[in-house]
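Mind folding the following:
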Amino acid sequence: MTAAILAVPFLQDIQTGRLPKDRIIAMAAEQYWISRSDQPSFQLMANRWNGKPGSKPTGFFADLVKDEEPEQVALQEFYRALGLGFDQLRTYQPRPASQIYPGRVAVLAVAGDRASAAA
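Below is the predicted model of the structure:
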């Protein structure tokens, strides 16, 4: 799996220096906004479908929430390596097309059913 991920042309272009830094920064900033949307969506899914009243959610959707934590740490390191500050990320205007996925995840979290969200 790791080899397949590393073979993605976008990543190869980053590694070889063929991708301009402004495109890398734009991708990082888009990911910032995607990640900020995913965290509460996954938490809502965990609360809706894996939680019992008065207890901490467990199971698939709770695992998605936990998986976001190391991603946040890795993204912070990535932003620092690019020289991006919080103010730059916060004021970046994401492209609408890049927000289709997190928008869909949010809709599933609020109004979807468990099977659709898990797919």
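
what does the helix or strand bottoming out on mean pLDDT in the chain rub up against?
When the helices and strands of the chain are scored by mean pLDDT, DSSP states H and E, helix 2-6 comes last with a mean of 85. Residues from elsewhere that reach helix 2-6, judged by Cβ atoms under 8 Å, 6 or more residues apart in numbering: 11-12. The way it works is simple: take the backbone N, C-alpha and C, and place the C-beta from them, glycine included.

Tell me the helix or strand right after it.
Going down the chain from helix 2-6, the next helix or strand is helix 9-16, by DSSP states H and E.

Show me what that following helix is packed against.
Packing partners of helix 9-16 (3 or more Cβ pairs under 8 Å, 6 or more residues apart in numbering; DSSP states H and E): none among the helices and strands.

Which residues does that helix contact?
By Cβ under 8 Å, 6+ apart, helix 9-16 touches 5-6, 19, 24, 27.

wait, which of those is closest to residue 111?
Taking Cβ to Cβ as the measure, residue 111 lies nearest residue 27 of the contacts of helix 9-16, at 29.5 Å.
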